[in-house]
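Undergrad: Provide a 3D model corresponding to the input given below.
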Amino acid sequence: MTELTPCWAKLVRTRTLMRELIDLQAKRETEEPYSFELVDNNEDSADRWIRLQWRVKINTPYPPDAAWILGDIVHNLRSSLDNALFHIVTEINGHTPSDSEARQIQYPIDDTPELFRRHIKKLGKWLTPEQCELIEATQPFAASGEPNDEFRMMSILRDLSNTDKHRQLIVADRALVRANFEHDADHLEALTITQHDARMVDGAAVLTVKFRRPYDNLDIMLQPRFENTTFIFHPAHTPLPLALSLELIYDEVFDAVLGLTKEHMTTHDDYIAVKFIEGAEERRAVLRKTL
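TA: Predicted coordinates for the structure are as follows:
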């Protein structure tokens, strides 16, 4: 670790923390941390409609360690960008900044070209035009192929980092992905099924079913099926699948650090970079299967 350039050491530490977080989640899942309780009006025969609702019961609260680890992951990813930029300015371009200048050497993450131009103007006096272009290519407004602004990973990293540093811990918790409902009746009149995509806190509704009460009071076998995964909850974004989002954020940070430092990497930096690139596609394929 000590022979790595600081920005690459941060990225190595991030991978370790990501494994710790996954292990912590896997351990919790073996402990049956939640169950689903059925609330219904089946005994109220005067009601022409049968209403069923499954609600979450939390048996084991989400471990607080998860929020601390997630915050450390976000911190290391964000600071690896600043470390890379500082390394380029000081070690490669040979500028010795004053204390006030050093505080200005922060990797910009801007949603608009106007904001970026304002920030890069301050940094440009210490960078080559080529280095400025490399940084611009990583900005959220330069991203392509994403469905909308919410899913540009650099913006998400910036927002998560600001929240964790200045306001509160980042919330990660389980939420419903899909709910299926099966029954053995030949026909249920006016069957309606509503899936609730809320965070799975104690008492939260996840599935509501309504159908007309059968006149012959037949016993009906009802079988709900729930699929859920862990999401990051942040006020500025829709819930983000935790594992996949962290992997995609890591990819963008990795590419940004690599772009700036690839001509100046140590042998150890290069080894780490190659190892990550070799396993990236396989990791993403595994993560997508879990969603």
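
Undergrad: give me the element Glu227 is part of.
TA: strand 222-234 (DSSP states H and E).

Undergrad: partner strands of the helix or strand just after that strand, with direction?
TA: Where DSSP H and E defines the elements, the next helix or strand beyond strand 222-234 is strand 237-241. Strand pairing for strand 237-241, using DSSP bridges, gives strand 222-234 (antiparallel).

Undergrad: quick one: the helices in the chain?
TA: Remark: helices assigned in the chain by DSSP state H are 6-29, 64-87, 99-104, 113-123, 129-137, 153-166, 242-261, 267-289.

Undergrad: please name every helix or strand in contact with the first one.
TA: Using 3 or more C-beta pairs under 8 Å, 6 or more residues apart in numbering; DSSP states H and E as the contact definition, the elements that helix 6-29 packs against are helix 64-87, helix 242-261, helix 267-289. Any C-beta I mention is one placed from the backbone N, CA and C, and that applies to glycine too.

Undergrad: which positions in the strand holding Glu227 come out as buried?
TA: For strand 222-234, burial by neighbour count (16 or more other C-beta atoms under 10 Å) applies to Leu222, Pro224, Phe226, Asn228, Thr229, Thr230, Phe231, Ile232, His234.

Undergrad: and for stretch 111-119?
TA: Phe116, His119.

Undergrad: one more: stretch 20-28?
TA: Applying 16+ other C-beta under 10 Å to stretch 20-28 flags Leu21, Ile22, Gln25, Arg28 as buried.

Undergrad: out of the helices and strands packed on helix 6-29, which comes closest to Val171?
TA: helix 64-87 (7.0 Å; C-beta to C-beta).

Undergrad: now do the buried residues in the closest one.
TA: For helix 64-87, by 16+ other C-beta under 10 Å, it's 66-67, 69-81, 83-87.

Undergrad: contacts for stretch 225-241 next, please.
TA: Outside stretch 225-241, the residues that touch it by C-beta atoms under 8 Å, 6 or more residues apart in numbering are 25, 36, 54, 70, 150, 156, 159-160, 163, 170-182, 197, 199-200, 206-207, 242-243, 245, 290-291.
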